[in-house]
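Q: my questions concern the predicted model and sequence given below.
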Amino acid sequence: MSVETVLVTGASSGIGRELARRFAADGSRLILVARKGDALEELAAELRKAHKIQSQVFTADLALPETPARLLAHLQAAGVKVDVLVNNAGFGAHGRFAELPLQRQLDMLQVNVTALTHLTRLMLPGMIERHHGGILNVASTAAFQPGPGMAVYFATKAYVLSFTEALAEELAGTGLTVSALCPGPTATNFGAAAGGRFRPLAKRASMSAESVARAGHRAFRSGRCIAIPGLGNRLLAFSIRLFPRAAVRKITKRLNAACPD
C-alpha cells in the first residue's frame with residue numbers, strides 16, 4: 001500500500017499541531033493547512049527532519065467560502081489523494097449573541113461548520129472508492145449542552161458531533177473510520193482567541209494539547225466514534241444527560257459569565 005496522506009486543518013498550533021505530529025510519527029505524508037504560513041513551514045520542517053516524511057504546506061483562511069475548492073484544486077494539480085482528513089480548524093467567541101460582532105459569528109459558522117462539511121464532502125468519495133482512510137473531526141465537550149454566553153460556538157460543536165456520528169453509521173462496513181474528538185478545557189490559545197479570561201479552576205483542570213491529540217489519534221486508529229479525553233470530562237459529558245435541560249442551561253450560563261471579556 002502507498003504511503004498514507006493525512007490533511008490537517010488548523011495545524012499551526014494547539015491540538016492541530018499535535019495531531020500532525022502524531023500522524024507524522026506513523027510515517028504518514030502530511031498536508032498542513034492554516035492561515036499562519038510561517039508556523040506551518042516551521043512545523044513541516046520539524047516533521048520532515050524527525051520522521052523522514054513528506055510534509056507540505058497550504059496557507060489559507062477557511063473563513064473564506066472558496067478555500068475548500070481551492071485546496072482540492074491544489075491537491076488535484078499535485079496528484080495528491082487524501083486518505084485521512086483531520087478537521088481541526090475552529091474558533092470560539094465569548095459574549096452575548098446579540099452583542100458580539102455579526103461577521104465574527106458568521107465566520108465561526110463558516111470555519112467550524114461549513115468548511116468542515118465542505119472539505120468532508122470533497123474528500124470522502126475518494127476514500128470510499130479506495131476503501132481506506134477516514135475523517136477525524138475535532139468537536140468539544142461543548143457539544144453536549146447549549147452554551148449561553150458562547151451560543152454559536154457550542155452550537156457549532158453540537159453540529160460537528162452529530163454530523164460525525166451520522167457519518168460513522170452511514171459508512172459502517174466501508175472500511176473507513178469516522179471519529180469525533182471532544183476535548184474539554186485544553187492548554188491552547190483558544191481562550192485568548194475567544195475573548196474570554198478563563199477561571200483558575202478551568203486552567204488547573206485543563207489538559208495539554210499533546211495529551212488530547214494522543215487520545216484523539218488513538219481513538220481514530222482504533223476505530224472509535226467518540227473520544228472524550230480525561231475522566232473528568234467523560235463524567236461531565238455523560239452526567240449532563242441526568243439533569244433537566246433547563247438546569248444545564250443555567251449552570252452553563254453561570255460558568256460562561258465567569259469568563260468576562
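A: Alright, I've got the coordinates.

Q: and Phe58, its phi and psi?
A: phi -130, psi 110 (degrees, to the nearest 10).

Q: an error on my part: the question was meant for Ser179.
A: Main-chain torsions, Ser179, degrees, to the nearest 10: phi -130, psi 150.

Q: what's around the residue lying closest to it once chain neighbours are set aside, how many residues?
A: Of all residues not flanking Ser179 in the chain, Phe220 sits nearest, at 4.5 Å (C-beta to C-beta, 6 or more residues apart in numbering). Where you see a C-beta, it was placed from the backbone N, CA and C, and this is true even at glycine. For Phe220, the neighbour count with other C-beta atoms under 10 Å is 25.

Q: list the contacts of Phe220.
A: Residues near Phe220 by C-beta atoms under 8 Å, 6 or more residues apart in numbering: Val84, Gly134, Leu136, Thr177, Ser179, Leu181, Ala227.

Q: model confidence for it, exactly?
A: For Phe220, the pLDDT comes out at 98.

Q: gap between it and Glu129?
A: 20 Å (C-beta to C-beta, to the nearest Å).

Q: which phi and psi values does the closest residue to Val3 other than its chain neighbours adopt?
A: Leaving aside its sequence neighbours, Val3 sits nearest to Arg29 (C-beta to C-beta, 6+ apart; 5.2 Å). When read as degrees, to the nearest 10, the backbone of Arg29 gives phi -80, psi 140.

Q: if we can go back for a sec, go through the contacts of Phe220 and flag which are in strands.
A: Val84, Gly134, Leu136, Thr177, Ser179, Leu181, Ala227 (DSSP state E).

Q: nearest to Val160, of these?
A: Leu181 (9.6 Å; C-beta to C-beta).

Q: neighbours of the nearest residue to the closest one once chain neighbours are set aside, how many?
A: Spatial nearest neighbour of Leu181, chain neighbours left out: Gly216 (3.6 Å); criterion: C-beta to C-beta, 6+ apart. With neighbours defined by other C-beta under 10 Å, the count for Gly216 comes to 28.

Q: what helix or strand is Gly216 on?
A: Using DSSP states H and E, Gly216 maps to helix 209-222.

Q: and the angle from that helix to strand 177-181?
A: Here helix 209-222 points in a direction 160 degrees away from that of strand 177-181 (axes from the mean of the first three to the mean of the last three C-alpha atoms, to 10 degrees).

Q: number of residues surrounding Ile226?
A: Neighbour count of Ile226, defined by other C-beta under 10 Å: 17.

Q: beta partners of the residue lying closest to it once chain neighbours are set aside?
A: Among residues not flanking Ile226 along the chain, Ala180 sits closest, at 5.3 Å (C-beta to C-beta, 6+ apart). Using DSSP bridges, the bridge partners assigned to Ala180 are Asn137, Ile226.

Q: now Thr186
A: Those that pair with Thr186 in a beta bridge, by DSSP bridges, are Met207.

Q: what sits against it?
A: By C-beta under 8 Å, 6+ apart, the neighbours of Thr186 are Gly14, Ile15, Ser206, Met207, Ser208, Ala209, Val212.

Q: what do you get if the cut-off is 7 Å, keeping everything else the same?
A: By C-beta atoms under 7 Å, 6 or more residues apart in numbering, the contact list for Thr186 reads Ile15, Ser206, Met207, Ala209, Val212.

Q: right, and Lys81 touches Glu4 too?
A: No. Between Lys81 and Glu4 there is no contact under C-beta atoms under 7 Å: 10.2 Å.

Q: where's the residue nearest to Ile226 relative to Glu169, distance?
A: For Ala180, the distance to Glu169 equals 13 Å [C-beta to C-beta].

Q: look at these two and report which has more neighbours.
A: The neighbour count for Ala180 versus Glu169, taken as other C-beta under 10 Å, is higher for Ala180 (29 against 10).
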